[in-house]
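Visitor: Sharing a model prediction with you, sequence too.
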Amino acid sequence: MLKVRGLRASYGLAQVLFGINLEVSERVITAIIGPNGAGKTTLLSTISGLRKHSAGEITFSGERIERLPTRERVKRGLILCPERRRIFPNLRVSDNLALGAFLRKDRAKVREDLERVFELFPVLKDRSAQLAGTLSGGEQQMVAIGRALMSSPKLLMLDEPSVGLSPAMRAKIFDAAGRIRDTSDTTILIVEQDAADALEIADRVSVLESGEITLEGSATDVRRNPHVREAFLGL
């Protein structure tokens, strides 16, 4: 579904991504793990079009998209759920979810997708009239994921969805990601600093260090790697 070849990106004069190669297959969960400052968020921002690339190719569903604006990538089903949620705190939960469907014209399907979001996160239905900023951190993360799902993603990119959450709430968020994969046609690319959680849920894993992919493979194989066990799992 997604192929990245030789992708480079910078912040001003500081290069952050050094020729990233990455493939994401349909209907799997692919995780990217790595330390702070490795370039994980920059990679997702560049794939989504929020940050310009300096070199390389991005192919999505067979189409080159690296020169398309973010809006056009969203229309094609490439959706980013950003780090630290970025919801609209002074709008109701229902309004935040509705904004996810801003570019869509298929009203009947939008209503169906809203019901799917409520099935995935029942608390959001109960809190639909509540200001999103008054929710707990975990509930706000549910709003952010629900808003992304309302965009009808083919590929849902989750940037650090567990950051700042309690262990119980993190478990709920990762469980929801698995249910999305298992009950829909949505493919998931997830960036996580917590390698243990990512390795539990992912089918495929890439390790990103200092702007380069240093290891990739099945979650089982990556979990067994001595470097991963020492550097990311503390084993």
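Guide: That came in fine, so what should we check first?
Visitor: Nearest residue to the middle of this protein?
Guide: With distances taken as Cα atoms, centre = their mean, the chain has Leu158 as the residue nearest its mean C-alpha position (1.6 Å).
Visitor: Spatially nearest residue to it, not counting backbone neighbours?
Guide: Ile190 (4.5 Å; Cβ to Cβ, 6 or more residues apart in numbering). Quick note: C-beta positions are derived from backbone N, CA and C, even for glycine.
Visitor: what about that neighbour, distance to Pro89?
Guide: 24 Å (Cβ to Cβ, to the nearest Å).
Visitor: who has more neighbours, those two?
Guide: A direct count of neighbours by other Cβ atoms under 10 Å for Ile190 and Pro89 places Ile190 higher, at 25 against 14.
Visitor: The residue nearest to the centre of the chain contacts Arg181, doesn't it?
Guide: No: assessed by Cβ atoms under 8 Å, Leu158 is found out of contact with Arg181, at 11.3 Å.
Visitor: overlap in contacts of these two?
Guide: Shared between the contact lists of Leu158 and Arg181 (criterion: Cβ atoms under 8 Å, 6 or more residues apart in numbering) are residues Ile188.
Visitor: Which strands or helices does whichever helix in the chain runs longest pack on?
Guide: Secondary structure of the chain read by DSSP state H shows that its longest helix is helix 167-183. Contacts defined by 3 or more Cβ pairs under 8 Å, 6 or more residues apart in numbering; DSSP states H and E place helix 167-183 against strand 29-33, helix 107-120, helix 137-149, strand 187-192, helix 195-201.
Visitor: Mean pLDDT and distance to Leu215 for the ones you listed - can I get that in CSV?
Guide: Putting the helices and strands packed on helix 167-183 into CSV (pLDDT from 0 to 100; distance: least, Cβ to Cβ, whole Å) gives the following:
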stretch, mean pLDDT, distance to Leu215
strand 29-33, 97, 9
helix 107-120, 96, 32
helix 137-149, 96, 27
strand 187-192, 96, 15
helix 195-201, 93, 12
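Visitor: of all the ones you listed, which lies closest to Leu68?
Guide: Leu68 lies closest, by Cβ to Cβ, to one member of these: strand 187-192, at 17.7 Å.
Visitor: Other residues contacting that closest one?
Guide: 1-2, 24-33, 40-41, 43-44, 83, 154-162, 177, 180-181, 198, 201-202.
Visitor: Can you select the buried ones among those for me in PyMOL?
Guide: The PyMOL command for the buried members of the contacts of strand 187-192 (criterion: 16 or more other Cβ atoms under 10 Å) is given here:
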select buried, resi 1+2+24+29+30+31+32+33+40+41+43+44+83+154+155+156+157+158+159+160+161+162+177+180+181+198+201+202
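Visitor: Quick check: buried residues in stretch 169-184?
Guide: Buried residues in stretch 169-184, counted by 16+ other Cβ under 10 Å: 169-170, 172-174, 176-177, 180-181, 184.
Visitor: Flag the shaky bits of the protein, pLDDT-wise.
Guide: The model of the chain has no residue with pLDDT under 70.
Visitor: looking at the sheet around the residue nearest to Leu158, what are its partners?
Guide: Beta-bridge pairing for Ile190 (DSSP bridges): Ala31, Leu158.
Visitor: And stretch 89-101, end to end?
Guide: Its start and end residues considered, stretch 89-101 measures 18 Å (Cα to Cα, to the nearest Å).
Visitor: what does stretch 122-140 give?
Guide: According to Cα to Cα, stretch 122-140 extends 13 Å from its N-terminal end residue to its C-terminal end residue.
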